[in-house]
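In: here you go, sequence then predicted model.
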Amino acid sequence: MNTHNLELKSYKYKELVTVLETEIKASGSKQLQLKDWERYFNYERGEKATFIIKEIYAEPLSKIDNRINNGQNEASHGNNTEGIYGKNIDKILMNYLQQTFNKGTYILYTTNSVLAETVGIINQNYRVANNKKNKFKQYISTKEGKISNTAMYNVFNKSNEIKRKPIIASLERLQKQNLINYQLNYMIYFENSSRSANITESEIILQCEIEALEHMKITDKKKMMTNDKLKNEFYEIVNKLSSQEIECCDGIYQGFKIWIKQSIEDVEKIDNIEELKNELNEQIIRKVKDKMKIEKDIIPMWGIPNPNQPKWKKEILDCNYLAYTDIVIHYLLDIKSIRIVEAIESQIITYNTGESKDWDTFTKEEQNKMLNDATNVIDEEMEDILKDLNSIY
């Protein structure tokens, strides 16, 4: 198989077979072929039976013996999480779930971000900073000097891509070891308690999503997820509609329901948890930094700079771009970084009138105006980034 002509773009199956200089397979043989391709590149299944190539590996990953790994079949990158992250995440999660069980909690409601923080993929600042990007950016700008929007958003985007799959892959393995059962579902919270949505409630929430998309006149939900302003508006509408349609519902969120089995008690106690977390955290930081370097390298730099090129491209070509991303990575991912959650929460925002006061004291209209001013440009740029990078790839 030859990946030299493979590009980071979308292919039909037959086109991909031609580019890879391999052969068309049928049925079961095709599934084995697709599994083997995961050793050479990372892909996602797109619309109309397409394959979207996300990353091409410099060296093929090692083959995994499914007999040894309990028939692991985690989508896309289970092999990568097993080889690079899995040995750390599994042990840290087992230790965490064992402690949770011993405290008398047998059913755990949680989110991907909480578990990612627990194992050391992200740090304690990430969740608040992700939800309040404007206040986070203002905080680090006062501490570190001006940070470009592109540097900040690209770190968030790459971190969000990385933190999800390893957690799901680890839960899959723990489930196959008969230590847990888990379910990824919408969660309903009401009066400080959470529970998993039942089938009827899940159908209601899905219908609310459809209504929200129709109200916002959005046809491509995936595209919306790259736009913070639209994404927040979407979930705000879904939350409101769901609260109206579902009894005893203050709001909803997506998360895990994990049933911890008594067999977790038989797992040998792990003493080097902090060492495992530090090791994993260093790997994650290195991975994100590598992605930032790759992103900078793919932007053409030859010839006279085009004065009309998009702002995001200018910011990536800026000589300080990687220094900016390193600062953001430190605050968001490095588990040795100081806690700045309270500082982000209490950050004073300066309105365009020159008035400075706490965010919560601005009117809703002022907040919306500031959010629109701050996010409209970068959201448009992020759409251009995705479009232009696909053409470059």
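Out: Looks like it came in fine.
In: gap between N5 and S196?
Out: Per CB to CB, to the nearest Å, N5 is found 46 Å from S196. (C-beta placed from N, C-alpha, C; glycine too.)
In: of those two, which one has the most company?
Out: Using other CB atoms under 10 Å, the more surrounded residue of N5 and S196 is S196, with 17 against 9.
In: helices or strands next to the helix or strand hosting E274 in the packing?
Out: Using DSSP states H and E, E274 sits within helix 273-297. Counting contacts by 3 or more CB pairs under 8 Å, 6 or more residues apart in numbering; DSSP states H and E, helix 273-297 packs against helix 87-102, helix 149-176, helix 311-317, helix 321-332.
In: now the last one: how far from the chain's centre is it?
Out: With CA atoms, centre = their mean, to the nearest Å as the basis, the distance from the averaged C-alpha position of helix 321-332 to the chain average is 17 Å.
In: what angle do that helix and helix 149-176 make?
Out: Between helix 321-332 and helix 149-176, the angle comes out at 50 degrees (axes from the mean of the first three to the mean of the last three CA atoms, to 10 degrees).
In: let's have the chain start at 59 instead
Out: In the new numbering, first residue 59, that becomes helix 379-390.
In: now the angle from helix 379-390 to helix 331-355?
Out: Going by the same axes, to 10 degrees, helix 379-390 makes 150 degrees with helix 331-355.
In: next secondary structure after helix 379-390?
Out: Trace forward from helix 379-390 with DSSP H and E and the next one is helix 399-403.
In: repeat for the second one
Out: For helix 207-234, the succeeding helix or strand toward the C-terminus, using DSSP H and E, is strand 238-248.
In: helices or strands up against that following strand?
Out: helix 207-234, strand 251-254, helix 257-274, strand 309-318.
In: and it, which strands flank it?
Out: Looking at strand 238-248 with DSSP bridges, its partner strands are strand 251-254 (antiparallel), strand 309-318 (antiparallel).
In: which one of the helices and strands packed on strand 238-248 lies nearest to N170?
Out: Among those, helix 207-234 comes nearest to N170, with 5.5 Å by CB to CB.
In: could you list the low-pLDDT ranges of the protein?
Out: Within the chain, the stretches with pLDDT under 70 are 84-86, 116-117, 120-142, 280-281, 283-284, 356-365, 406-451.
In: spatially central residue in it, please.
Out: The centroid of the chain falls nearest to N218 when counting by CA atoms, centre = their mean (2.1 Å).
In: once you drop chain neighbours, what's closest to it?
Out: N188 (7.8 Å; CB to CB, 6 or more residues apart in numbering).
In: coming back round to it: buried sites along the helix holding E332?
Out: By 16 or more other CB atoms under 10 Å, the buried positions in helix 331-355 come out as 331, 334-335, 338-339, 342-343, 345-347, 349-350, 353-354.
In: and for it, what are the contacting residues?
Out: 142-143, 146-147, 149-150, 153, 177-181, 212-213, 216-217, 220-221, 328, 374-375, 379-380, 383-384, 387, 391-393, 447 (CB atoms under 8 Å, 6 or more residues apart in numbering).
In: and the angle for it with helix 145-160?
Out: In terms of direction (the same axes, to 10 degrees), helix 331-355 departs from helix 145-160 by 130 degrees.
In: quick one, what contacts the nearest residue to N243 once chain neighbours are set aside?
Out: Leaving aside its sequence neighbours, N243 sits nearest to S254 (CB to CB, 6+ apart; 5.1 Å). Residues counted as contacts of S254 (CB under 8 Å, 6+ apart) are Y167, Q241, N243, Y244, M245, I246, K315.
In: any idea whether the residue nearest to N218 is helix, strand or coil?
Out: helix (DSSP: H, G, I helix; E, B strand; the rest coil).
In: number of residues surrounding it?
Out: Neighbourhood size, N188 [other CB under 10 Å]: 16.
In: and E105, by the same measure?
Out: E105: 9 neighbours (other CB under 10 Å).
In: same question for K327.
Out: For K327, the count of nearby residues is 9 (other CB under 10 Å).
In: sticking with it, tell me its helix or strand.
Out: K327 is located outside every helix and strand, with elements delineated by DSSP H and E.
In: ok, now which ones touch it?
Out: Per CB under 8 Å, 6+ apart, neighbours of K327: N153, Q156.
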